[in-house]
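Student: sharing a sequence plus its predicted fold:
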Amino acid sequence: MNEVIAGQPRRILIVDDEPQITRVLRTTLSAQGYDIRVANDGEMALELMRNWSPQLIITDLAMPNLDGISLCRQVRQASQVPIIVLSVRGQDRSKVEALDAGADDYVTKPFSTTELMARIRAQLRRTPVVEEAENAIATGEFLIDLEARIIKVRGREVHLTPKEFDLLVYLARRPGKVVTHRTLLAAIWGAQSTEQPEYLRVFIGQLRKKIENDPSAPQYLLTEPWVGYRFEPGS
């Protein structure tokens, strides 16, 4: 599939200090029609971003000068560009740390090119679960502007990352209904992520910190043990 939108190829920044990985990724993604730039560490990536606005970042974790976790945090201070972490560290702790730092997805090395391409397409699509005829959701104590991607809770604007926004919108469309882990993972991260429950733990935890009065005793995002989550919009 040729990834060209309105005459311009989609821009992807690859951040990795392994020449073999960057060579493979550059060759593979360029062949798919993407515009590719490569940085060997986080500092170089930030410098590139100042003059070239990528539409997706793929980054390793272990790098000199500025590692992947620090890069995610610094990028998130100024941009909501999708970030995919590509790392040899497959432990849940590393995944949670990366997601908590602002990454949108996590792929473990060695990786399948087919799977990585699917995850890239999913991030670039970023189809927020919105119906064309609907511009806003007003429910209980929530007002969600779907076009501007702004959320207000009890009249207070809350700043969410793109994945946090998509997750909350998906649940807000189904108030009072239990949505299973697998359904949420497939809807927000794609079918290839249905066995990654740590994604939900991290993002639900982040959402609760931002929208709940007391995150330890949530009133909006309720856990249904072993099943999923339920959204209660308040009155």
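Tutor: Cool, the structure landed.

Student: going forward, measure contacts and count neighbours with C-alpha atoms only.
Tutor: Fine.

Student: need the pLDDT of the nearest residue to Gly228 once chain neighbours are set aside.
Tutor: Using C-alpha to C-alpha, 6 or more residues apart in numbering and skipping residues adjacent in sequence, the residue nearest Gly228 is Thr180, 4.1 Å away. At Thr180, the predicted lDDT confidence score is 88.

Student: check the one 5 residues further on too.
Tutor: As summarised for this prediction, Leu185 has a pLDDT of 88.

Student: now for the helix or strand containing Leu116, which elements pack on it?
Tutor: Using DSSP states H and E, Leu116 sits in helix 113-125. With contacts taken as 3 or more C-alpha pairs under 8 Å, 6 or more residues apart in numbering; DSSP states H and E, helix 113-125 sits against strand 56-59, helix 181-189.

Student: which residues touch the helix or strand following that helix?
Tutor: Moving toward the C-terminus from helix 113-125, the next helix or strand (DSSP H and E) is strand 136-139. Residues outside strand 136-139 that contact it (C-alpha atoms under 8 Å, 6 or more residues apart in numbering) are Leu143, Ile144, Asp145, Leu146, Glu147, Ala172, Arg173, Pro233.

Student: and strand 136-139, which strands flank it?
Tutor: strand 142-145 (antiparallel) (DSSP bridges).

Student: roughly how far is the partner strand from the heart of the chain?
Tutor: 20 Å (C-alpha atoms, centre = their mean, to the nearest Å).

Student: what about it, average pLDDT?
Tutor: Strand 142-145 comes out at a mean pLDDT of 92.

Student: ok, which stretches of this protein are helices?
Tutor: All helices of the chain, identified by DSSP state H, fall at 19-31, 42-51, 68-78, 92-101, 113-125, 162-172, 181-189, 197-211.

Student: among the ones you listed, which comes closest to Arg156?
Tutor: When these are compared by C-alpha to C-alpha, helix 197-211 sits nearest Arg156, at 9.4 Å.
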